[in-house]
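J.: Give the three-dimensional model of this entry:
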Amino acid sequence: MKQEKRFRRKKHIRKVVNGTGDIPRLCVYKSLQHIYVQVVDDEAGKVLFGCSTLTEDVKKTLKYGGNSDAAKAVGKKIAEMCKEKSFEKVVFDRNGFIYHGRIKALADAAREAGLKF
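T.: Here you go, the predicted structure:
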């Protein structure tokens, strides 16, 4: 039931949110133990790059991957990666998850690191 509601929200979000070559889509997925982020170019249909709590750089600094501290670390890392690839703006896709808790922490950390959405 809970997952069906998330899929319904996701469907409505994806009608509006699309990434391009200039302004890609920042797609977030969270599980109970980890959080994953991908930067996607929807026009080409390709994932440009991604980061998660399982990435070596991030994993070393974390004690546990399923809390908001981990989400903040992933948000900072993905913002750095976007700046390296010269992406200043992205479109945020929360993937049907409610903008609260870990999703909000990730988005705020990415904004603080200089990413605009």
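J.: contacting residues around the longest helix seen in the chain?
T.: The helix that spans the most residues within the chain, counting by DSSP state H, is helix 68-84. Residues outside helix 68-84 that contact it (CB atoms under 8 Å, 6 or more residues apart in numbering): 26, 30, 34-35, 37, 39, 49-53, 55, 57-58, 61-62, 64, 88, 90, 101-103, 105-110, 112-115. Placement of C-beta: from N, CA and C, glycine included.
J.: Just the buried residues of those residues.
T.: Using 16 or more other CB atoms under 10 Å as the burial test, the contacts of helix 68-84 include 26, 30, 34-35, 37, 39, 50-53, 55, 58, 62, 90, 102-103, 105-107, 109-110, 113, 115 as buried.
J.: what does the strand or helix carrying residue 12 contact?
T.: Taking DSSP states H and E as the criterion, residue 12 maps to helix 2-16. The contact list for helix 2-16 (CB under 8 Å, 6+ apart) reads 93-97.
J.: ok, now which ones touch residue 64?
T.: 33, 70.
J.: helix/strand/coil for it?
T.: Assigned with DSSP: H, G, I helix; E, B strand; the rest coil, residue 64 falls in the coil class.
J.: Where does the prediction get shaky in the chain?
T.: Across the chain, no stretch falls below the confidence threshold (pLDDT under 70).
J.: swap the cut-off to 90 and go again
T.: For the chain, the stretches flagged by pLDDT under 90 are 1, 21, 117.
J.: hang on, the earlier thing: which SSE is immediately downstream of the helix holding residue 12?
T.: Taking DSSP H and E, what comes next after helix 2-16 is strand 25-30.
J.: Tell me which other helices or strands that following strand touches.
T.: strand 35-41, helix 68-84, strand 91-93, helix 102-112 (3 or more CB pairs under 8 Å, 6 or more residues apart in numbering; DSSP states H and E).
J.: how distant is the shortest one from the center of its chain?
T.: Translated: strand 91-93. Distance, stretch centre to chain centre, for strand 91-93: 8 Å (CA atoms, centre = their mean, to the nearest Å).
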